[in-house]
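Peer 1: Take this sequence and fold it.
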Amino acid sequence: MTAIKHALQRDIFTPNDERLLSIVNVCKAGKKKKNCFLCATVTTERPVQVRVVKVKKSDKGDFYKRQMAWELRDLAEVDAKDASKENPEFDLHFEKVYRWVASSTAEKNSFISCIWKLNQRYLRKKVEFVNVSSQLLEESVPSGESQSVAGGDEDALDDYQELNAREEQDIEGMMEVCEYAISNAEAFAEKLSRELQVLDGANIQSIMASEKQVNILMQLLDEALSEVDTIEGKLSSYEEMLQSVKEQMDQISQSNRLIQISNTNNGKLLDEIQFLVNYMDLSKGHIRALQEGDLSSSKGIEACINASEALLQCMNVALRPGHEKLMAVKQQQHLFTELRDTFARRLTNHLNNVFVHQFNHFSHFKMTIPQFYRSSCMSLPGHDQSATLSQHMAELTLPKHNPLHRDLLRYAKLMEWLKNTQREKYEGLSRTYVDYMTRLYEREIKDFFEVAKIKMAGTTKEGKGNKFATLPRKESALKQETESLHGSSGKLTGSTSSLNKLAVQGSSSRRSQSSSLLDMGNMSASDLDVADRTKFDKIFEQVLIELEPLCLAEQDFISKFFKLQQHPTLAQGEVEESDGGVPSRQPPPGEHRHFISSTEKDMVRLMMNKIFQSIEMELNSLIALGDKIDSFHSLYMLVKMSHHVWTAENVDPASYLSTTLGNVLVTVKRNFDKCISGQIRQMEEVKISKKSKVGILPFVTGFEEFAELAETIFRNAERRGDLDKAYVKLIRAVFMNVEKVAIESQKTPRDVVMMENFHHIFSTLSHLKISCLETERREAKHKYTDHLQSYVINSLGQPLEKLNHFFEGVEARVAQGVREDEVSYQLAFNKQELRKVIKEYPGKEVKKGLDNLYKKVDKHMCEEESLLQVVWHSMQDEFIRQYKHFEGLIGRCYPGSGITMEFTIGDMLEYFSSIAQSH
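Peer 2: This is a model prediction of the structure:
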């Protein structure tokens, strides 16, 4: 092993300036044995680097090569597997675990011992040794601590040392002087030994010669020791003096520490007192305002607001631990509680009185309708002096409560304080306000709707009285209605005489007749004309215009006055901080705050529902009256209500107004659907006279009038889809019932009924250009064209009957296979038979037959649609077509015979023209 060690040192480590300290022959555990060497090396240059190098013998020659190297500082653990038994296996934990099997246990122990020494010297015990015998480690370090570690390591590391260059030169010089240095090494060594002895003797003589100097040195050392003793004595005395000074300084330091603690405690006490004085002291002015402040004047209200905020700030201050045990703090808290309760009672009583006063004030000047006519115009003192009750009634307006709101909003901050401190009193005040305002609004709204109903009923009665003077609906009437629908919605004015007729409402409510599609054909016979419907539309619009600002203003006031537009009140005590940076606390549960189960938006909605609980009922009643007066009023109401719902939802989708109008809109839509269903039902129940011709059916003209009216009303409306659906239902019902009447008709042919009515429907749809009925328009045109052609063919029939039968026989022979030019050889269809038949139809007879046909068609057609000439022209075309057909057969089947008809096409045109002109 020594030879291998020297060979590795020479061949591998010396060229790299490294020294080999230990070597072990190993192979990998669990694999086929491939021997290699693990070497522990250090570098010769500083700083020293310690490595573990794996060396392997080359397969191709008898030399070694360096395969892998690890820095010793990367070694985490050395595991010897078993400390009590001899085991050649061991593990080295670098970046991964390397398992080795040494050739012998002695080599393994020697290598681990060397690694342990290097770890102690260079790595400061960084590597951990596991399962290594303590005896092995003790043998590596002989007795003696630092010296043994350092010296032992040095001996072990220096057992082999190379000569440096100077030493080599000296040895070479000595060997050159001595001729037998190489040939006789023993003689050379003996010579060197003698010379060394001579040098040692010279050294001893030199030491003996310097005895005098040694004595002098010893004397000096004795003197130095005496001086040291003197200095030590002085130092001892100084130390005793300093010891007394130290004790005094310790006493002074202790006193200073006690003084510092006292000052610190005094400062903290001053901070606590300052905190309590700053945050729990209420000025006398604030106390006076809370106890005696004037809640009627603006200046007094402002003082009370400031005092209440200061009180709330003092009550909500976050006390530090232990403050609540102080008697002064308890007294202040008791004072604050009394002030809070006293002021809450004063504020509650005052606001209750304000509510009662305002209610009585409005109620005093609120009169019933009969009283209104007997009294003069009276203004509201203290409020809007220009708005009188007579103006409200005559102009159909609702009283404004802006003065009341302005007066109460001065207390909004105090209501917020009451909400945060006395929840029960706050809720009691809100209930009181709702009760008073519910009664006030209920009375005002009831009277307002009474006037609206009287105006509606008065309008209906006036329209009924003038029904014989009304003219049929014309283009100008539609234009007038359009302007009224899309013009300004100014306030309505009514005459006193119309309002005095209270009995009109009862009489009009008993009327069962409503406008339908059947009676709209003749507007002069209708109870309501365009002007009446326009007036109704204005009244209904005015009602909605008056209700909207009333509801929005009241909801806005409730949100501001009762502070319900903010986030819900906190349910648990959470530390908050006010605007001034004063620490505040949430009052403890059960003191003066309660958990709110619903959101504040729900509270606003509930209050609004309570205050205006009569609005929805009155609106539904007004809608029912309008629908009873005229079912077509539902069209106006649907458009107006949809617009107002859309407007309200854009402002606030969750507002009371939006919700209420939405509910009423459902009722209006239901009435609109009933109106459409009623028109369809009346179509199905229509009866026609058996003695007179049908003409244009009343529900067909009624649909035209309905469509014109609806297009005018629904122009730019938000709910156009509802009208389109109604159109489809109505037109389908019209189609179905036209066919039904045509089948049941006895006086007028079915084709005439279908042709005339579908022509009228087609004209109406083409004029109105309703996009959703484009399919029905094309269908109406198709039905009109088909039935026109059918009527022409059926009515014209076979005007040249015998000639027609003759040529039908000719066509039958041709169909059986007879050639056209051989038909004349048939006995029944020869030229003599053809001439005989043609002579029976001279021009005079043809004209006579056509004249009778014109009279027959004239009896069937109605004057309203003016289709007689259209039908007559179609018959002319059909007759000419038959004439040309006969001439073509004569030319093909009787070529060269010279046979022609007794009349020409020009004669026929003259016959048709003269007959049409004569009638």
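Peer 1: can you pull out the strands in the chain?
Peer 2: For the chain, strands defined by DSSP state E occupy the ranges 18-28, 36-43, 50-57, 64-71, 77-79, 89-93, 97-102, 128-130, 576-577, 583-584.
Peer 1: With distance to Leu564 and mean pLDDT as new columns, can those strands be given to me in CSV?
Peer 2: Where C-beta positions appear, they are placed from N, C-alpha and C, glycine not excepted. What follows is the strands of the chain, written out as CSV (distance: least, CB to CB, whole Å; pLDDT from 0 to 100):
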stretch, distance to Leu564, mean pLDDT
strand 18-28, 84, 90
strand 36-43, 86, 92
strand 50-57, 82, 90
strand 64-71, 77, 88
strand 77-79, 74, 90
strand 89-93, 73, 91
strand 97-102, 74, 90
strand 128-130, 73, 88
strand 576-577, 20, 39
strand 583-584, 22, 50
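Peer 1: Phe540 is nearest to which of those?
Peer 2: Of all the strands of the chain, strand 576-577 sits nearest to Phe540, with 50.9 Å by CB to CB.
Peer 1: for the strands of the chain, which one sits closest to Leu396?
Peer 2: Between Leu396 and the strands of the chain, the tightest spacing by CB to CB is seen for strand 576-577, at 50.6 Å.
Peer 1: any idea of the mean pLDDT for stretch 253-262?
Peer 2: Stretch 253-262 carries an average pLDDT of 90.
Peer 1: which of the residues in that stretch are buried?
Peer 2: The neighbour-count check on stretch 253-262 (16 or more other CB atoms under 10 Å) flags nothing as buried.
Peer 1: centre of the chain versus it, how much separation?
Peer 2: Centroid separation between stretch 253-262 and its chain, computed with CA atoms, centre = their mean, to the nearest Å, is 66 Å.
Peer 1: And for stretch 632-647?
Peer 2: 30 Å.
Peer 1: before we move on, what about stretch 168-186?
Peer 2: Using CA atoms, centre = their mean, the offset of stretch 168-186 from its chain centre is 105 Å.
Peer 1: end-to-end on that stretch?
Peer 2: For stretch 168-186, the first and last residues are 19 Å from each other (CA to CA, to the nearest Å).
Peer 1: of all the strands of the chain, which lies closest to Val814?
Peer 2: Closest approach to Val814 among the strands of the chain is made by strand 576-577 (109.3 Å; CB to CB).
Peer 1: got a list of what Gln746 touches?
Peer 2: Counting by CB atoms under 8 Å, 6 or more residues apart in numbering, Gln746 touches Lys690.
Peer 1: Need the mean per-residue confidence for stretch 868-881.
Peer 2: The pLDDT scores in stretch 868-881 average 82.
Peer 1: Just the buried positions in that stretch, please.
Peer 2: Buried residues in stretch 868-881, counted by 16+ other CB under 10 Å: Leu868, Val871, Trp872, Ser874, Met875, Gln876, Glu878, Phe879.
Peer 1: picking that back up, indicate which one of the strands of the chain is closest to Leu638.
Peer 2: Leu638 lies closest, by CB to CB, to one member of these: strand 576-577, at 51.1 Å.
Peer 1: CA atoms of stretch 845-858 as CSV?
Peer 2: Coordinates of each C-alpha in stretch 845-858 appear next as CSV, following Å, rounded to 0.1, in the frame of the first residue of the first chain:
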residue,chain,number,x,y,z
GLU,A,845,-126.1,37.7,-78.9
VAL,A,846,-122.6,37.9,-77.3
LYS,A,847,-123.1,41.5,-76.3
LYS,A,848,-126.5,40.7,-74.8
GLY,A,849,-125.0,37.9,-72.7
LEU,A,850,-122.2,40.2,-71.5
ASP,A,851,-124.7,42.9,-70.5
ASN,A,852,-126.6,40.4,-68.4
LEU,A,853,-123.3,39.2,-66.8
TYR,A,854,-122.4,42.9,-65.9
LYS,A,855,-125.7,43.3,-64.1
LYS,A,856,-125.2,40.1,-62.2
VAL,A,857,-121.7,41.2,-61.1
ASP,A,858,-123.0,44.6,-60.1
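Peer 1: Touching stretch 328-344 from outside, list them.
Peer 2: 276, 280-282, 287, 290-291, 304, 307-308, 311, 314-315, 319, 323-324, 418, 421-422, 425, 592.
Peer 1: For stretch 762-780, output the C-alpha coordinates as CSV.
Peer 2: Only the C-alpha atoms of stretch 762-780 are listed here, as CSV (Å, rounded to 0.1, in the frame of the first residue of the first chain):
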residue,chain,number,x,y,z
PHE,A,762,-104.3,44.3,-48.2
SER,A,763,-104.9,48.0,-48.9
THR,A,764,-105.0,48.8,-45.1
LEU,A,765,-101.8,46.9,-44.4
SER,A,766,-100.0,48.4,-47.4
HIS,A,767,-101.0,51.9,-46.2
LEU,A,768,-100.0,51.5,-42.6
LYS,A,769,-96.8,49.6,-43.3
ILE,A,770,-96.8,47.5,-40.1
SER,A,771,-93.6,45.5,-40.2
CYS,A,772,-94.9,42.7,-38.0
LEU,A,773,-97.8,42.0,-40.4
GLU,A,774,-95.8,41.9,-43.6
THR,A,775,-96.5,38.2,-43.9
GLU,A,776,-100.2,38.7,-43.4
ARG,A,777,-100.1,41.5,-46.0
ARG,A,778,-98.7,39.2,-48.7
GLU,A,779,-101.2,36.5,-47.6
ALA,A,780,-104.1,38.9,-48.0
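Peer 1: on that earlier part again, okay, the strands of the chain in JSON lines with distance to Ile890 next?
Peer 2: Shown next, in JSON lines, are the strands of the chain (distance: least, CB to CB, whole Å):
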{"stretch": "strand 18-28", "distance to Ile890": "124"}
{"stretch": "strand 36-43", "distance to Ile890": "129"}
{"stretch": "strand 50-57", "distance to Ile890": "127"}
{"stretch": "strand 64-71", "distance to Ile890": "124"}
{"stretch": "strand 77-79", "distance to Ile890": "129"}
{"stretch": "strand 89-93", "distance to Ile890": "126"}
{"stretch": "strand 97-102", "distance to Ile890": "122"}
{"stretch": "strand 128-130", "distance to Ile890": "132"}
{"stretch": "strand 576-577", "distance to Ile890": "113"}
{"stretch": "strand 583-584", "distance to Ile890": "117"}
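Peer 1: For the closest residue to Leu192 other than its chain neighbours, grab the count of nearby residues.
Peer 2: For Leu192, ignoring the flanking residues on the chain, the nearest one in space by CB to CB, 6 or more residues apart in numbering is Met174 at 7.7 Å. Neighbour count of Met174, defined by other CB atoms under 10 Å: 14.
Peer 1: where in the stretch 601-750 of the chain is pLDDT low?
Peer 2: 691 (pLDDT under 70).
Peer 1: what separates the residue positioned nearest the centre of the chain from Leu196, distance-wise?
Peer 2: Nearest residue to the geometric centre of the chain (CA atoms, centre = their mean): Pro653, 15.3 Å. According to CB to CB, to the nearest Å, Pro653 and Leu196 sit 118 Å apart.
Peer 1: Also Pro749?
Peer 2: Between Pro749 and Leu196 the computed distance is 163 Å (CB to CB).
Peer 1: Comparing the two, which shows the higher neighbour count?
Peer 2: Per other CB under 10 Å, whichever of Pro749 and Leu196 has more neighbours is Pro749, with 20 against 10.
Peer 1: Quick one: residues contacting the more buried one.
Peer 2: Tyr791, Asn794, Ser795, His860.
Peer 1: Alright, calling it a day.
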